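Visitor: Coordinates only, no sequence provided:
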């Protein structure tokens, strides 16, 4: 079995248990707690938290409860962004991970507040567990309004609807919208181990790009059932995508090139961590 | 002139300049920046940031740029909460501080994202400037989903609509919804000065209660023009309020009692800070 998949299988249950426990322990209002847990428990690949945990282990860190808590906080930020993205005023989506979206079940007001709550809780947990203001700054920047910020990416994405964007602009949007949290997963692992590596940060960049190209391709090649979310949405929302700009074959080629760049970064990073083991991260690239 | 008003007049321009500068420097997308600044510049009393700054000065701290930045972050959190509260799915309000609300001007999607952005930016700034993970934990808790959390208060507030709540439950809602950030203003001042004071934290509690009772009274005694926001809203939204539970005279009496308790806490706190000067904080209580 692919090592990253095996890694996810091995750590998934602990991550989810820690995550749900933190939400239950820290949330006072029952209905709010229920709404937050609904979206957190909806599943998904847990890609970002697993990337964080796998990077920690790859650079020689022994995983402890603290790392699962930081990973859980990252998944909370991702989940908050999905809840708000799905709102009627945004992408207006009824289906996510094969089940009705948060606002369909709990109403719009609660969905907005569940998102707000998950974001606050992620910062609470990250600051408390890491005791490191630098990790908090990194998280805030990656989900924020600046150069690598998810909210900035979301705004650009909405503004780009109905327009054919140049490739560079499409990449800029994705670097922010999807790339922000992927970058955080890897940089936070480095920060919490008091290590630095430009190569791993570059790896994060190409991983993010690969991730997005694949997402764009799947949106037009898979069914709603296979995706667990509404298929063909990019076309419906008139969004620029890699297949639209480059054609399906061109997009597949771009994906291949991006994966090669990611792999090159990883093999350079490997030299910086003689005590590390990058098998799991390499295997991730074979899953695309 | 009342000392707290004079304090606000003296520090307001610097606070607002620092706040707008931070938003401009840290926000990459022009439209997002515009939407965030629109609500930040809409005015208001700047009560929370001024309370933070006044508390810093009261306990003997010399104000520096860092304090204005922390105060600005606090105002960003307050502003995010107003933007989300005003959304059609929540209180559905068109008017705030005498001008159209954010979603009326920029649309719902941008209003949601401007709120999300301001919250993230507040954490970025607080973590970066304070370099203190404890202050971040405090901020996250005060705007979060737990015991003193603003989001928890907002959920309880919505759930209480149309019901006559017992006084204890009303106080619980307000302790979270309004009390959270007031408590943060005072506790963050203590934390950033590496000081402790149970009496000042108690002061924050009674100040918050007084603040809310006054707000409830003004909602039924002042006009929309005087308030700068829709008057009579509590009745329209069928919310439990102090005047509704205690009558207008009863509410005024409760306000008086709460102010006396706040004053008692302050005079006890004064003994803990012989080098401090509490004139500004005392004067705040005379403004009610």
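Guide: Good, I have the coordinates. What you see is a predicted model; the values in this text were computed from it and never measured. Numbers count the residues shown, from 1 in each chain, chains lettered A, B, ... in the order given.
Visitor: Which positions within the helix or strand harbouring residue A:75 qualify as buried?
Guide: According to DSSP states H and E, residue A:75 maps onto helix A:65-85. Residues of helix A:65-85 classed as buried by neighbour count (16 or more other Cβ atoms under 10 Å in any protein chain shown): A:67-85. Glycine gets a C-beta too; all of them are placed from N, C-alpha and C.
Visitor: List the neighbouring strands of the next helix or strand after it plus their orientation.
Guide: Using DSSP H and E, the helix or strand that directly follows helix A:65-85 along the chain is strand A:95-96. Paired strands of strand A:95-96, with direction, are strand A:99-100 (antiparallel) (DSSP bridges).
Visitor: Give me the contact list for the helix or strand that comes right after the partner strand.
Guide: Following strand A:99-100 in sequence order, the next helix or strand is helix A:102-106 (DSSP H and E). By Cβ atoms under 8 Å, 6 or more residues apart in numbering or on different chains, the residues outside helix A:102-106 that reach it are A:31, A:34-35, A:38-39, A:83, A:86-88, A:94, A:96, A:110-111, A:114-115.
Visitor: remind me which residues of the stretch 151-288 of chain A are low pLDDT?
Guide: A:227 (pLDDT under 70).
Visitor: Output the set of residues of it in proximity to chain B.
Guide: The interface of the stretch 151-288 of chain A toward chain B, taken as Cβ under 8 Å from any Cβ of the partner chain, is made up of A:151-152, A:154-156, A:158-159, A:176.
Visitor: among these, which are in strands?
Guide: The members of these all map outside strands under DSSP state E.
Visitor: Among the residues you listed, name the buried ones.
Guide: A:151-152, A:154-156, A:158-159, A:176.
Visitor: The closest residue to residue A:205 other than its chain neighbours: what's it in contact with?
Guide: Setting aside the residues directly before and after it, residue A:205 is nearest to residue A:179 in space (Cβ to Cβ, 6 or more residues apart in numbering or on different chains), at 6.6 Å. With contacts defined as Cβ under 8 Å, 6+ apart, the neighbours of residue A:179 are A:148, A:153, A:204-205, A:208-209, A:212.
Visitor: neighbour-wise, which of those residues leads?
Guide: Taking other Cβ atoms under 10 Å in any protein chain shown as the neighbour criterion, residue A:208 ranks highest of the contacts of residue A:179 with 26 neighbours.
Visitor: Report the contact partners of it.
Guide: Residues near residue A:208 by Cβ under 8 Å, 6+ apart: A:174-175, A:178-179, A:182-183.
Visitor: Just the closest of those residues to residue A:140, please.
Guide: Nearest to residue A:140 out of these is residue A:183 (Cβ to Cβ; 13.0 Å).
Visitor: what helix or strand does that closest one sit in?
Guide: helix A:179-192.
Visitor: still on that earlier bit, other SSEs contacting the helix holding residue A:75?
Guide: helix A:3-26, helix A:30-40, helix A:47-58, helix A:108-130, helix A:133-142, helix A:150-159, helix A:179-192, helix B:108-130 (3 or more Cβ pairs under 8 Å, 6 or more residues apart in numbering or on different chains; DSSP states H and E).
Visitor: of the contacts of helix A:102-106, the lowest pLDDT goes to which?
Guide: Among the contacts of helix A:102-106, residue A:96 carries the weakest pLDDT, at 88.
Visitor: Tell me, how many residues neighbour it?
Guide: Residue A:96, neighbours per other Cβ under 10 Å, totals 24.
Visitor: For residue A:164, give its distance to residue A:239.
Guide: Residue A:164 is 10 Å from residue A:239, where distance means Cβ to Cβ, to the nearest Å.
Visitor: Looking at these two, which is more packed in?
Guide: residue A:239 (21 against 11).
Visitor: The more buried one and residue A:161 touch, don't they?
Guide: Yes. Using Cβ atoms under 8 Å, residue A:239 is in contact with residue A:161, at 5.8 Å.
Visitor: Quick one: residues contacting residue A:29.
Guide: Contacts of residue A:29 by Cβ under 8 Å, 6+ apart are B:145, B:152, B:155-156, B:159.
Visitor: Distance to residue A:229 added to these, as a markdown table?
Guide: Below are the contacts of residue A:29 laid out as a markdown table (distance: Cβ to Cβ, whole Å):
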| residue | distance to residue A:229 |
| --- | --- |
| B:145 | 26 |
| B:152 | 30 |
| B:155 | 27 |
| B:156 | 32 |
| B:159 | 30 |
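Visitor: Also within reach of chain A: list those from these.
Guide: B:145, B:152, B:155-156, B:159.
Visitor: So which residue is dead centre in chain A?
Guide: What sits nearest the mean C-alpha location of chain A, by Cα atoms, centre = their mean, is residue A:48, with 4.5 Å.
Visitor: mind checking how far that residue is from residue A:59?
Guide: For residue A:48, the distance to residue A:59 - Cβ to Cβ - is 17 Å.
Visitor: for residue A:75, same thing?
Guide: From residue A:75 to residue A:59 the distance is 21 Å (Cβ to Cβ).
Visitor: With residue A:154 instead?
Guide: Residue A:154 is 30 Å from residue A:59, by Cβ to Cβ.
Visitor: Helices along the stretch 151-288 of chain A, start to end?
Guide: Remark: helices assigned in the stretch 151-288 of chain A by DSSP state H, counting those that start in this stretch are A:167-177, A:179-192, A:198-221, A:224-227, A:233-236, A:242-272, A:279-286.
Visitor: Name the residues that touch the last one?
Guide: When you say that, I think you mean helix A:279-286. With Cβ under 8 Å, 6+ apart as the test, helix A:279-286 has contacts from A:2-5, A:7, A:51, A:54-55, A:57-58, A:203, A:207, A:210, A:259, A:262-263, A:266.
Visitor: one more time with 10 Å
Guide: Helix A:279-286 is contacted by residues A:1-8, A:47, A:50-51, A:53-55, A:57-59, A:186, A:200, A:203, A:206-207, A:210-211, A:258-260, A:262-263, A:266-267, A:269-270, A:278 when judged by Cβ atoms under 10 Å, 6 or more residues apart in numbering or on different chains.
Visitor: Ok, the fourth one next?
Guide: With Cβ under 10 Å, 6+ apart as the contact definition, helix A:224-227 has outside contacts at A:95-98, A:215, A:218-219, A:221, A:230-233.
Visitor: what about burial for those residues, which qualify?
Guide: Using 16+ other Cβ under 10 Å as the threshold, A:95-96, A:219, A:230-231 are the buried ones among the contacts of helix A:224-227.
Visitor: wait, which of the residues you listed is closest to chain B?
Guide: When the buried ones among the contacts of helix A:224-227 are ranked by distance to chain B (Cβ to the nearest Cβ), residue A:96 comes first, at 16.8 Å.
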